[in-house]
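Novice: following is a predicted model, sequence given first.
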Amino acid sequence: MPTFDSFAEKYDTWFKTPLGKYVADTEKRLILDLAEPRTGEKMLDVGIGTGFFALEFLKRGAEITGIDVSLNMLEIARRKGFENVSPGDAVDLSFPDETFDLVVSITALEFIKEPRRAVSEMFRVCKKGGRIIVGTLGADSSWASKRRQEMKQNPASVFHDAHFYTLTDLRSICAGTGNNLTLAGAVFAPPYDNALSLFAGKIIERPCQLLCPGRGAFLAFRIDK
């Protein structure tokens, strides 16, 4: 996909800014808490991108297979040591039923045109007793408002292809799959790269995760199969 190919080299760089580091640390913590990765597990990353988040699972001993629509992002992932990555379609996964212990997808669902089908495919390739973890961009946050404004001002914005979700949306998408559904939200700092935003984020992050998760810029769910 051309949009992501042009964005590939910038993706990891943003996470090195003060605000980007806050976002990365917060999202990683939430995803890892939900996923509970275990050494030796076979994991599929749907939308692995540059491998930025997958590295956290690699450090914890997962055997990672990754797919993505962006050839440029996959090339960056290979440079980081991810050998088993290839182009792939989230709504038509080319793996047998019950192949993976853990299926993860982070900030990819919002760009997939058939989200229910994608989640169904993730469920299909997950082993019985396994987990599916999906993180996506929230619709009811100040970040979403800023991104919508960016779309109006910048025709080339990557967010023109995105659909932002609510927790209610995600509950509907997951309906009928799994034995248990866990929903969560994170990233409550204002979307501005300054000291005040970061200070506010550190103060309100945990209380907001507990009291109003649906207002998070980053929403996530876990399905137990």
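Specialist: Here it is on my side, so go on. Residues are numbered from 1 along each chain as shown.

Novice: which SS state does the nearest residue to residue 86 once chain neighbours are set aside fall under?
Specialist: The shortest distance from residue 86 to any non-neighbouring residue, by Cβ to Cβ, 6 or more residues apart in numbering, is to residue 67 (6.0 Å). Where you see a C-beta, it was placed from the backbone N, CA and C, and this is true even at glycine. At residue 67 the chain is in strand, as set by DSSP: H, G, I helix; E, B strand; the rest coil.

Novice: need the contact list for residue 67.
Specialist: 44-48, 85-90, 93 (Cβ atoms under 8 Å, 6 or more residues apart in numbering).

Novice: what's the answer for residue 217, then?
Specialist: 23, 137-138, 141-144, 186-188, 191.

Novice: ok, the residues you listed vs residue 176, which is closest?
Specialist: The shortest gap between residue 176 and any of the contacts of residue 217 belongs to residue 138, at 22.8 Å (Cβ to Cβ).

Novice: for the chain, which strand is longest?
Specialist: Using DSSP state E to define each element, the chain has its longest strand at strand 126-137.

Novice: helices or strands up against that one?
Specialist: For strand 126-137, the packing partners by 3 or more Cβ pairs under 8 Å, 6 or more residues apart in numbering; DSSP states H and E come out as helix 18-35, strand 100-106, helix 115-125, helix 142-153, strand 218-224.

Novice: weakest of those by average pLDDT?
Specialist: When these are compared on mean pLDDT, helix 142-153 scores lowest, with a mean of 91.

Novice: for the chain, give me the ranges with low pLDDT.
Specialist: Within the chain, the segments meeting pLDDT under 70 span 1-8.

Novice: residue 194: neighbour count?
Specialist: Other residues lying near residue 194 total 11 when counted by other Cβ atoms under 10 Å.

Novice: one more: residue 190?
Specialist: 18.

Novice: without its sequence neighbours, what residue ends up closest to it?
Specialist: Among residues not flanking residue 190 along the chain, residue 197 sits closest, at 4.4 Å (Cβ to Cβ, 6+ apart).

Novice: host element of that neighbour?
Specialist: Here residue 197, judged by DSSP states H and E, is contained in helix 195-211.

Novice: give me the contact list for that helix.
Specialist: 18-19, 22, 26, 30, 184-191, 215-216.

Novice: pull the contacting residues for residue 131.
Specialist: Contacts of residue 131 (Cβ under 8 Å, 6+ apart): 34-36, 101-103, 222-225.

Novice: pick out the residue closest to the middle of the protein.
Specialist: residue 106 (1.4 Å; Cα atoms, centre = their mean).

Novice: rewinding a little: what's the angle between the helix holding residue 197 and helix 18-35?
Specialist: Relative orientation of helix 195-211 and helix 18-35, computed by axes from the mean of the first three to the mean of the last three Cα atoms, to 10 degrees: 20 degrees.
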